[in-house]
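*Asks:* whatever this is, show me its structure:
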Amino acid sequence: MESLLSEKWELQPKHSSTEVLQRWRDLCGVVKNPKRRFRFTANIPKRHEAAQMRKTNQEKLRIAVLVSKAAFEFIKGAKLSNYTIPEEVEAAGFKICAQELGSIVEGHDLKKLRLHGGVTGIADKLAADASTGLSTADLARRQDLYGINKFQESAPRSFWHFVWEALHDMTLMILGVCAVVSLAVGIATEGWPRGSHDGLGIAASILLVVFVTASSDYRQSLQFRDLDKEKKKISVQVTRNGYRQKMSIYELLPGDIVHLSIGDQVPADGVFLSGFSVLIDESSLTGESEPVVVNSENPFLLSGTKVQDGTCKMMVTTVGMRTQWGKLMATLSEGGDDETPLQVKLNGVATIIGKIGLAFAVVTFAVLVQKLVTRKWGDGTSLVWSGDDALELLEYFAIAVTIVVVAVPEGLPLAVTLSLAFAMKKMMNDKALVRHLAACETMGSATSICSDKTGTLTTNHMTVVKACICMNVKELTKPEHASALCSELPQSVVRTLVQSIFNNTGGEVVVNKEGRREILGTPTEAAILEFGLSLGGDFQGERQGCKIVKIEPFNSTKKRMGVVVELPRGGGIRAHTKGASEIILAACSSVLNSKGEVVNLDDASFNHLKETIEQFASEALRTLCLAYVELENDFDGLDPIPASGFTLIGIVGIKDPVRPGVRESVALCRSAGVTVRMVTGDNINTAKAIARECGILTDDGIAIEGPDFREKSLKELHHLIPKIQVMARSSPLDKHTLVKHLRTTFNEVVAVTGDGTNDAPALHEADIGLAMGIAGTEVAKESADVIILDDNFSTIVTVAKWGRSVYVNIQKFVQFQLTVNIVALIVNFTSACLTGSAPLTAVQLLWVNMIMDTLGALALATEPPNEALMKKAPVGRSGNFISNVMWRNILGQSAYQFVVIWFLQAYGKAYFEIENHPNSDLILNTIIFNTFVFCQLFNEVNSREMEKINVLRGILNNHVFASVVGSTVVFQIIIVEFLGTFANTTPLTMEQWKASIFIGFLGMPIGVILKTLIPMRN
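*Replies:* The predicted structure follows:
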C-alpha cells in the first residue's frame, strides 16, 4: 500500500505547487461525493483569480507611480476646481468623500494630494487631529460615511447546506432511485403497506446517513469558523482622544492615527505623517520584491503591505472593501487552505480500495444475477419475469451499490479534518493557534525544535538588576539602589545616560486614560526605560528638549540601534547607540571615568569592561551597552550614523527569569526523541547559563556563536550540527542555515520559533514555523504555521503532543475502517458466489457504513492525547503511515471475523437449533448482522490502542467515544427488535443476543493474542 501511495500521492506539508495539488485530484477515480470529499482542500480556480488580481494591482500601481511622477511638474499651477463635495459628506461635517480618498492613495496621486492641501489638508477635511487622533464622539457618523475596516466574507453555511451536500453522494442517489423503484414495484405487486417495506427501509437509511453526516460536517464547519475568527485578530497602536492605545484593526476609521514599526502590517490605506527610515514591502499586494521608501515625498501606504524597516505615524484614509487589499482578501479567503499530506495519502487509500470495492461490487452483482438466471432456467421460467423477480434483481443491484458505499472509504480523508478540527479547537484552549491545517499534523513528526530564548524559554518580564556606569559595577535589585547610584554619579553623566535612554528607544512612556504612567514597547525597552525613570528622568521633557534628526531602529543583523539628536540651546549634534555589548564595546574608543570625564579606552579598561560583560552574562543576565559620539553640526539626516569612535556610557545587566516548567518540558522532549536547540541573539555566556538552567545544554553538547558557525565549511558543519545545542549571537541567516541543513542533510522534521521580521525566512523554511503571539511581529505571524499565544515553550511541547495525537488517532481510525472494509467485502462477495445471496442487505450495509465512517471517525479521531505519546520516538520524515503493527491488527481481526461469519453461515442454523423454524434464513441473517455489528463495536474499542494490551484505560474520560458506542448499541437494539420490516431483521432471543455479543467480545482477547504472539515494531 505504501509503495502504491509513495509514487503519486505524496505532498509536502508546505508550499506545494498548483500542479502537485491538481495531480492528486486527477488521480481520484472513484469519488462518491466530490462536494464532501474536496471540501477541506484548496480552491485552485479561486487562487488563480487572486493571482490574476495581484497582477492587475501590480500594473495599476506601476502606472500610478509613473503618472504621479510625470504630473509632479504641473502641480504648482493647478487649482482645485474639478472636485465637488457630495451633500451627504458636507452635511456630516466632512469635506472629502471616500471615493476621492481612495483614488488619491490607491492611485499614488500626488497631484490630487497637493490640490487638497497635502496631508495636513486631508486631515482637516477628515476633521482629524494629527496629534490627538479622532474623538469617539463622531465615530458612528464616520463609520456610516466611510465604511468599516473589514473585507467581505462569504455567508456561513447553514446546516441544510450540509444536508444538501450529503445528498450529492452518487451511491446514495442510486440507492434513492432503487428505493423509489422498489416502492413502485412492491406496492404494485404486494399492495400497501407490505410492498413498501423494502423501499421505505432504504429511504429511511439514506436519510439517517445524510443527517448524521451533515451534523458531523456542520459541527466541523463551526469549529473552523471559530478558528478563522481567532486567526484574524490583529491589533495596532492607535492614538484616539489624545491617548495611545492598542486597538483591533477592524475598529479603524479614516482619520485614525496609527503607529507603525518594523514587522507591522499596514492595516488600512493611509498617508505618512512622520517617521524615520521607513521601508515598505509591497510584495503581498503587487508581487514586487523591491521595498518602497515612504516619506513626505512619497507618503502613500497601502493596506496589507509590511513595514520592513523604520518607524512612522500614518493617518488612515481608506478602509475595508474600498482598498485593493480588502478586495484581494475577499478572493483569497475563498481559496481555502492547502490540503494536508495525510489528507492526500488517505485520498489515495480511498481511491485504491474504492477501485477494488467497485470490482467486487460488479462481480458480486454479476454472480447474483447469474444465480437468479440459472435458477429460473432450471425452473423453466427464464422467459417469464414477475414482480418478485424484478424486486429480487433490484435488491441485488442495491446490494452491489451498497458494497460500493461500504468499500469506498470516503470517510478516511474526512477523518483527518475531523481530527484536526478537534485538535485545533483544543489547542486554542491551550494557547496555540494553528494557522495551517498541515502544521498540526506535521508537528507530531517533529524531531528537532529550534527555540528562541527571550520570552519563550524565559518569562519576558525584564528588569535592570546590575549596571556598570563610569567603570563601577552597582547592584540595582532594590528601589533605593537607583537613587544611591544617581547621587554617586556626576550630574553630567546622569544627564547623558538619561538622554541616551529616553531618546534612543523604540518604546514610549505615556499617561493612560486612568491618569497612570504606562511604558509601551518591548520588554527590553521597558526595562531600560524603567531604569531611566528610577534615575529621576523625565521622558516627555527629554524628548521635547532634543530634536531628533535621524533614527536607525534595532536590527537583528546589526544587533544595535541608534539615534541622532540636536541638543538644546545650541549644544551641537550627538549620536547615541545601544545594542549587543561586545559589538558596542568594539565600536568605542573612549569611556566616561568615575569623574564623568571622557578618557581613552586603554587595554586595561577594555579588559575590565569585557570581564564585567562576561560576569553579567555568566549570571544569566542580558547585557546591553550604551554609548554616544559628538558629531559635526553639518550632519545631514541622510548620512549614516558612525560605526565607531563612540564614548561608552555604561553597561546594563537585565534579568529575565526562566519560565516555570520549561526544564520539565525540555526533559519531556528529550524522552520523546525530540532534540531542543536554543538559537538566540544574546551573548554566548548568557545563552549557556540559561540553556543549562533549562536542561538544554548537556556535557556532550556544543555552544557556538553565529560568526563562528558562518565560517565553518560544509564538511565541518556535517560533524558539528548534530552536537549543537546552543547558538548565540546568531543572525536570522544563521538560523535559516541551521534549519536548512537539519532538514536536507540530516532529514529531520524541524520546528522553529521566531518573533522578528527577519525570522520570516527561517519560519518559511522550517517544516513547522512557530511565531510568538505576544512578542511576534505581524510579518513573523504571517510566515508561521502556528502562533504560540502565550510565548511559552511548554505550549510548543503541547502542540507536539497534539500533533502526535492527531497522527495516532488517524492511524487508529484507518485500522478500524480497513478491517470493516475487508470483512464486508469478502463476506458479501463469497456469500454471493457460494450461496447466491448476500447475508447483509442494503439497509444493513448502510448502517454498518455509518458505524465505520462518521460515527467511527467521531469516536476514534477525537481521542485526547496522553503522556505515553511523548515516550515514543517521533515518526520523522520517512515513517510509513500504515505500519506493520496496523497490518497485523487489520489482518488478524479480519481473519477472525471472516471465520466467525463463515461458521455462522455454514453451521449457524444447527448451532442455534433453528433449522425447522419457518423464518430460519431471516433469523440466521439477523444473527450474522448482529454479530458483525458487535464485532465492529468491540474492534472499535480494540483500535484505541494499537500496541498496548490495556485498551480500556481512560475510555470513560473520552465522552465522545462512550457516547458513540452507547448510541450505536441502542440503535442496533432498535433496528433488530423493532424495525424488522424495514431492515430485513427479526427479533432475537436472549440466548441469540448473548451469543452475538460474546462472539463480538472475543475480538478483544484475539487482539491481546495478536499483540502478544506477533510482536512488531513500527
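
*Asks:* where does Ile519 fall, helix, sheet strand or coil?
*Replies:* Under DSSP: H, G, I helix; E, B strand; the rest coil, Ile519 falls in the strand class.

*Asks:* meant to ask about Lys466
*Replies:* With three-state DSSP as the criterion, Lys466 reads strand.

*Asks:* tally of neighbours for it?
*Replies:* 21 (other C-beta atoms under 10 Å). Yep, even glycine has a C-beta here, placed from its N, CA and C like the rest.

*Asks:* renumber starting at 425 from here on
*Replies:* Shifting the count to begin at 425 puts that one at Lys890.

*Asks:* what pairs with the closest residue to it other than its chain neighbours across the strands?
*Replies:* Excluding the flanking residues, the one nearest Lys890 by C-beta to C-beta, 6 or more residues apart in numbering is Gly1077, at 3.6 Å. Assessed by DSSP bridges, Gly1077 has beta-bridge partners Lys890, Thr1047.

*Asks:* ditto for Val858
*Replies:* Val1210.

*Asks:* and it, what is it in contact with?
*Replies:* Leu651, Leu844, Ala847, Met848, Met851, Met852, Cys864, Asp1209, Val1210 (C-beta atoms under 8 Å, 6 or more residues apart in numbering).

*Asks:* so the first one is in which element?
*Replies:* Using DSSP states H and E, Leu651 falls within helix 621-655.

*Asks:* buried set for that helix?
*Replies:* Across helix 621-655, burial judged by 16 or more other C-beta atoms under 10 Å covers 621-630, 633-634, 636-642, 644-645, 647-648, 651.

*Asks:* just checking, what packs against it?
*Replies:* Applying 3 or more C-beta pairs under 8 Å, 6 or more residues apart in numbering; DSSP states H and E, one finds that helix 621-655 makes contact with helix 583-590, helix 594-614, helix 811-831, helix 835-853, strand 856-858, helix 1266-1274, helix 1404-1407.

*Asks:* and the angle from it to helix 583-590?
*Replies:* 120 degrees (axes from the mean of the first three to the mean of the last three C-alpha atoms, to 10 degrees).

*Asks:* state the mean pLDDT of helix 621-655.
*Replies:* Throughout helix 621-655, pLDDT has a mean value of 79.

*Asks:* can you check what angle separates that helix from helix 835-853?
*Replies:* 40 degrees.

*Asks:* what's the following helix or strand after helix 621-655?
*Replies:* Using DSSP H and E, the first helix or strand after helix 621-655 is strand 659-664.

*Asks:* show me how far that next one is from its chain's centre.
*Replies:* Centre-to-centre, strand 659-664 and its host chain are 26 Å apart (C-alpha atoms, centre = their mean, to the nearest Å).

*Asks:* contacts made by that strand with the rest, please.
*Replies:* 555-560, 668-673, 676, 680-684, 688, 691, 737, 944.

*Asks:* got a PyMOL select line for the buried ones in the residues you listed?
*Replies:* Entered in PyMOL, the line below selects the buried ones among those, by 16+ other C-beta under 10 Å:
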select buried, resi 557+558+668+669+671+673+676+680+681+682+683+684+688+691+737+944
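
*Asks:* in strands, which of the contacts of strand 659-664 appear?
*Replies:* Arg668, Gln669, Lys670, Met671, Ser672, Ile681, Val682, His683, Leu684, Lys737, Leu944 (DSSP state E).

*Asks:* quick check, nearest of those to Ala579?
*Replies:* Ser672 (22.0 Å; C-beta to C-beta).

*Asks:* how about the nearest residue to Asn1024, chain neighbours excluded?
*Replies:* Spatial nearest neighbour of Asn1024, chain neighbours left out: Ser1014 (5.6 Å); criterion: C-beta to C-beta, 6+ apart.

*Asks:* which SS state does the one you found fall under?
*Replies:* Ser1014 is classified as strand under three-state DSSP.

*Asks:* and the pLDDT at the nearest residue to Ser958 once chain neighbours are set aside?
*Replies:* Once flanking residues are discounted, Ser958 sits nearest to Ala906: 3.7 Å by C-beta to C-beta, 6+ apart. On the pLDDT scale, Ala906 is placed at 86.

*Asks:* same question, Ala754
*Replies:* For Ala754, pLDDT reads 64.

*Asks:* same check on Thr480?
*Replies:* At Thr480, pLDDT is 73.

*Asks:* repeat for the one 10 residues further on
*Replies:* If you check Leu490, the pLDDT there is 60.

*Asks:* what of Gly610?
*Replies:* Looking at Gly610, the pLDDT reads 74.

*Asks:* that one against His621, yeah?
*Replies:* Yes: here Gly610 reaches His621: they are 7.3 Å apart, a contact under C-beta atoms under 8 Å.

*Asks:* His592 and Asn457 touch, don't they?
*Replies:* Yes: with contact defined as C-beta under 8 Å, His592 reaches Asn457; the gap is 5.3 Å.

*Asks:* settle it for me: which of these two has more neighbours?
*Replies:* The residue with more neighbours, out of His592 and Asn457, is Asn457; 21 against 14, by other C-beta under 10 Å.

*Asks:* the more buried one and Leu1249, how far apart?
*Replies:* 20 Å (C-beta to C-beta, to the nearest Å).

*Asks:* for Leu944, same thing?
*Replies:* 66 Å.

*Asks:* got it, and Ala824?
*Replies:* Distance from Ala824 to Leu1249, counting by C-beta to C-beta: 12 Å.

*Asks:* ok, those two, which is more surrounded?
*Replies:* Ala824 (25 against 21).

*Asks:* show me what contacts that one?
*Replies:* Ala785, Val786, Thr788, Phe789, Leu792.

*Asks:* what do you get for Val786?
*Replies:* Here Val786 is in contact with Ala824 (criterion: C-beta under 8 Å, 6+ apart).

*Asks:* grab the nearest non-local neighbour of Arg1083.
*Replies:* Thr883 (5.3 Å).

*Asks:* count the neighbours of that neighbour for me.
*Replies:* 17.

*Asks:* same question for His885.
*Replies:* Residues near His885, counting by other C-beta under 10 Å, number 13.

*Asks:* tell me, what's the model's pLDDT at Ala502?
*Replies:* Ala502 is given a pLDDT of 47.

*Asks:* which ones are touching Gly541?
*Replies:* Asp548, Lys549.

*Asks:* need the phi and psi values for it.
*Replies:* phi 90, psi 20 (degrees, to the nearest 10).

*Asks:* give me the distance between it and Ala783.
*Replies:* Distance from Gly541 to Ala783, by C-beta to C-beta: 77 Å.

*Asks:* what do you get for Met1274?
*Replies:* Counting by C-beta to C-beta, the gap from Met1274 to Ala783 is 24 Å.

*Asks:* who has more neighbours, these two?
*Replies:* Each of Met1274 and Ala783 has its neighbours counted (other C-beta under 10 Å); Met1274 has more, 20 against 13.

*Asks:* thinking again about what came up before, quick check: bridge partners of the residue nearest to Asn1024?
*Replies:* What pairs with Ser1014, by the bridge criterion (DSSP bridges), is Asn1024, Thr1071.

*Asks:* Ala1419 and Ile1351 touch, don't they?
*Replies:* Yes: at 7.3 Å, Ala1419 and Ile1351 qualify as touching, with contact defined as C-beta under 8 Å.

*Asks:* what residues are shared contacts of the two?
*Replies:* In contact with both Ala1419 and Ile1351: Phe1336, using C-beta under 8 Å, 6+ apart.

*Asks:* of those two, which one has the most company?
*Replies:* Comparing Ala1419 with Ile1351 by other C-beta under 10 Å, the one with more neighbours is Ile1351, at 27 against 20.
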